[in-house]
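1. Prediction below, plus the sequence it came from.
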Amino acid sequence: MINAFIKEIEEAISNSSIVVSSTIQKYFGSSKNEAYVRGELLFIDMSSFDFAVYITERGRKVIFDKFRLQYMDSQNRLVFRYDNAPHYKNIPTFPSHKHLHDGKVVSTTPPKFSEVLEEITALIAQSSQ
């Protein structure tokens, strides 16, 4: 399951038309039931995406124990960040939440990697119009 999850990330990156460079690092636990994956992507408009996920396999599920998925514009300003740092206890999806560029924090579940790339693709397309 963990290898399939990592393969999904790699395929989403390789299939993306907006990624101009990428770096991914993978670290596996001794049991092979846990992994830490981090990476950086640079996009055609010079915006960037930094991600880090610590995942474990439990039964037939991959669980996001810790994650951070952060998208920054070309001026290195936050556009959005998904994470599960446990500091917004009033959010219904605690600890998962999303930080927006205007400082707001909203409720969210951990997104699929491909969904985040689709969100970024839409934002880049919108800003180029």
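-> Thanks, I have it. Numbers count the residues shown, from 1 in each chain.
2. Going by C-alpha atoms from here, please, whenever you check contacts or count neighbours.
-> Noted.
3. I'd say V37 and A52 touch.
-> Yes: taking contact to mean CA atoms under 8 Å, the distance of 5.6 Å between V37 and A52 places them in contact.
4. If L42 is in a bridge, with which residues?
-> For L42, the beta-bridge partners are S21, S48 (DSSP bridges).
5. Tell me how many other residues surround it.
-> As a burial measure, L42 scores 19 neighbours (other CA atoms under 10 Å).
6. Contact partners for it?
-> Listed by CA atoms under 8 Å, 6 or more residues apart in numbering, the contact partners of L42 are 19-22, 48-49.
7. Next, A85: secondary structure please.
-> Each residue gets one of three states, and A85 gets coil by DSSP: H, G, I helix; E, B strand; the rest coil.
8. quick one: average pLDDT of the longest helix along the chain?
-> Of all the segments of type helix in the chain, defined by DSSP state H, the longest one is helix 113-127. Taken as a whole, helix 113-127 has an average pLDDT of 94.
9. Can you pull out the low-pLDDT segments for the chain?
-> 129 (pLDDT under 70).
10. what ranges do the helices span in it?
-> With DSSP H as the definition, the chain shows helices at residue ranges 2-14, 113-127.
11. Ok, which of these comes nearest K26?
-> Among the helices of the chain, helix 2-14 comes nearest to K26, with 8.5 Å by CA to CA.
12. Let me know the angle separating the closest one from helix 113-127.
-> Angular relation of helix 2-14 and helix 113-127 on a 0 to 180 degree scale: 20 degrees, by axes from the mean of the first three to the mean of the last three CA atoms, to 10 degrees.
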